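1. Got a predicted structure here, sequence first:
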Amino acid sequence: MGGYGKNIGIWISDKKSQKLNWNELTTVCASHGYNLIKLDIEKPLESQGHIDIFIHKLTDILAAADQGDKKASFIISQVEQYLSNHPNIVVIDPLDNVRILLNRYRYYSILQNEPTFQKQGVFTPNFAEFTTNNTDTNLEIMRQRGVRFPMICKPSISHGSKSAHEMILIFNERGLSVCKPPCVVQSFVNHNAILHKVFLIGNRYHICERPSLKNFYPSDDYAPIFYSTGEVCKADSQSTLSILDPHDKAEIKMSLNEGKIKNIIRVLRRDIGLLLTGFDVVIDNATGNHAVIDINVFPSYDHFPDFFEHLLESIEEIVDKKAQGLCNGSSNSLSGNIACLNGFVNVSKCPSKFGVTGMNFN
Ligand SMILES: Nc1ncnc2c1ncn2[C@@H]1O[C@H](COP(=O)(O)OP(=O)(O)OP(=O)(O)O)[C@@H](O)[C@H]1O
Ligand SMILES: O=P(O)(O)O[C@H]1[C@H](O)[C@H](O)[C@H](OP(=O)(O)O)[C@@H](OP(=O)(O)O)[C@@H]1O
Ligand SMILES: [Mg+2]
């Protein structure tokens, strides 16, 4: 299989695959001596050729398996058995690390427990998990966890389906009745409708701005506002929810602090350990503190300069350091992958080699 000595096996969903520039990925892989194999995870992986690197976004299937879907569970068990039989395959990224980001409460807790954040002016907004729709119980949970109105209600499951991105902005106690447990609620942070998306490939990062939600305040009169992230926060989104009210227009634009971003990257690398990940930051317009509101698995990498080149260079760095014994742990374990990558490189400041941005068809 394949005309080159080394093979990269890749599996991503049809939805993601339709956006990916496969010709460019194949060309860049070949320029680094890799043959690219598009895997079919519904067939035995053993029969699809020798693999040195396994790149995937199995979040949809992992989420379905975790919720009891038998076909999804079988597929995941087959993949895990295959990887266990081939411990030298570099997995991007290890399934147990990806699983951390499938549940919002779990990764918000990692962020909230980080001791260096507070003095750095970084935080994750207070959050709580609802497991019932009993309003009195949920109000007590909010009180204990310091969650205040307005707040955003998000599904506990963070990936793998359209519903994972269906959000509800809730302004008062009456609004609690629309929550559909299991869900998390997170205090809303006024941030002048500017979202900062940080895309990571190991220690390489790119930051881009996106439209976001305008400033909101508690109100007994407001009904809940339902929205999906894709409607409001994509580069080309033009939602009325992003238009600042007149009294807000005077707000000065808060600037992103890269030192804070680097500290967040350091914590995610240590505690979550994904090569392909991203996170979302909004800046509190009252304090300038940076709120981490979301972490993603293998996101879009929109406008990430020379994405494929940086991906292959990162893979080669990992492979080389493993060969030198500089990466502890097995090839498909948290410490085995990115622990050997250190430092920070803002790729937006690197001269672009190919002038290509992102990984998708532009
Ligand atoms: N605590 C918050 N305060 C203010 N705005 C928020 C907060 N949480 C979410 N938002 C807004 O809602 C949007 C979606 O939230 P979030 O990123 O958690 O959802 P998501 O569907 O996981 O996003 P993604 O598409 O990045 O996976 C954010 O981009 C931001 O505009
Ligand atoms: O443009 P972004 O990177 O915000 O869009 C991402 C989004 O953040 C999620 O990571 C999506 O993944 P799912 O949560 O699994 O839906 C990505 O969808 P994908 O089809 O590209 O994996 C969006 O690109
Ligand atoms: Mg997000």
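-> It's in. Ligands and ions are numbered 1, 2, ... in the order given.
2. which residues of the stretch 201-350 of the chain fall in helices?
-> All helices of the stretch 201-350 of the chain, identified by DSSP state H, counting those that start in this stretch, fall at 229-232, 258-271, 307-323, 334-337.
3. now what about stretch 240-259, what contacts it?
-> Contacts with stretch 240-259, where a contact means CB atoms under 8 Å, 6 or more residues apart in numbering, come from 120-121, 191-194, 196, 207, 211-215, 225, 227, 232, 281, 283-285, 288, 290, 346. C-beta: built from backbone N, CA, C; applies to glycine.
4. Filter those residues down to the buried ones.
-> Judged by neighbour count, with 16 or more other CB atoms under 10 Å as the criterion, the buried members of the contacts of stretch 240-259 are 120-121, 191-194, 196, 207, 211-215, 225, 227, 232, 281, 283-285, 290.
5. coming back round to it: rank the helices of the stretch 201-350 of the chain by mean pLDDT and give me the bottom one.
-> Considering those one by one, the lowest average pLDDT is found for helix 334-337, at a mean of 55.
6. Isn't residue 235 up against residue 302?
-> Yes: the criterion here is CB atoms under 8 Å, and residue 235 meets it with residue 302 at 6.0 Å.
7. Go ahead and confirm residue 159 touches residue 297.
-> Yes: because the distance of 6.0 Å satisfies CB under 8 Å, residue 159 is recorded as touching residue 297.
8. does ligand 1 sit close to stretch 172-192?
-> Yes: residues of stretch 172-192 are located near ligand 1 by CB under 6 Å from any ligand atom, namely 186, 188-189, 191.
9. Start and end of that stretch, how far apart?
-> Across stretch 172-192, the straight-line distance between its terminal residues is 21 Å, by CA to CA, to the nearest Å.
10. Stretch 157-164 too?
-> With CA to CA applied, stretch 157-164 spans 6 Å between its terminal residues.
11. repeat for stretch 144-155
-> Using CA to CA, the end-to-end distance of stretch 144-155 comes out at 20 Å.
12. ok, and does that stretch reach over to ligand 2?
-> No: for a cut-off given as CB under 6 Å from any ligand atom, stretch 144-155 has no contacts with ligand 2; the smallest distance is 10.7 Å.
13. Need the contact partners of that stretch.
-> 104, 126-128, 130, 141-142, 163-164, 166-173, 175, 178-180, 182-188, 216-219, 222.
14. Return the members of those classed as buried.
-> So, of the contacts of stretch 144-155, 104, 126-128, 130, 141-142, 164, 166-171, 175, 179, 183-188, 216, 222 end up buried under the neighbour-count rule (16+ other CB under 10 Å).
15. Next step: the residues you listed restricted to helices.
-> Mapping these onto helices (DSSP state H) picks out 104, 141-142.
16. Closest one of these to ligand 1?
-> When these are compared for distance to ligand 1 (CB to the nearest ligand atom), residue 104 comes out closest, at 7.3 Å.
17. residues contacting the closest one?
-> Contacts of residue 104 by CB under 8 Å, 6+ apart are 127, 154-158, 184.
18. quick revisit: what's the overlap in contacts for residue 159 and residue 297?
-> 59, 101.
19. out of the two, which sits in the busier spot?
-> Comparing residue 159 with residue 297 by other CB atoms under 10 Å, the one with more neighbours is residue 297, at 24 against 21.
20. quick one: that one and residue 273 touch, right?
-> No: counting by CB under 8 Å, residue 297 sits too far from residue 273 to count as a contact (11.9 Å).
21. list the residues that contact both of those two?
-> Common contacts of residue 297 and residue 273 (CB under 8 Å, 6+ apart): residue 93.
22. State the number of residues packed around residue 77.
-> Applying the criterion other CB under 10 Å, we find 11 residues in the vicinity of residue 77.
23. I'd like the numbering to begin with 20 instead of 1 from here.
-> Okay, residue one is now 20; in that scheme the one you just asked about reads as residue 96.
24. Now do the SS call for it.
-> Taking DSSP: H, G, I helix; E, B strand; the rest coil as the rule, one finds residue 96 in the helix state.
25. For it, give its distance to residue 179.
-> Residue 96 sits 17 Å away from residue 179, going by CB to CB, to the nearest Å.
26. For residue 260, the count of nearby residues, please.
-> When neighbours are defined as other CB under 10 Å, residue 260 has 17 of them.
27. Also the one 5 residues further on?
-> Residue 265 has 7 neighbours, counted by other CB under 10 Å.
28. repeat for residue 33
-> Residue crowding around residue 33 was assessed by other CB under 10 Å; the count is 7.
29. Can you name the residues of the protein that neighbour ligand 1?
-> Where proximity means CB under 6 Å from any ligand atom, the interface of the chain facing ligand 1 comprises 144, 171, 173, 177, 184, 186, 205, 207-208, 210, 214, 231-232, 248, 251-252, 299, 301, 312-313, 315.
30. Please repeat the previous calculation with a cut-off of 5 Å.
-> Proximity of the chain to ligand 1 is confined to 144, 171, 184, 205, 207-208, 214, 231-232, 248, 252, 299, 312-313, 315 under the rule CB under 5 Å from any ligand atom.
31. This completes my enquiry, with thanks.
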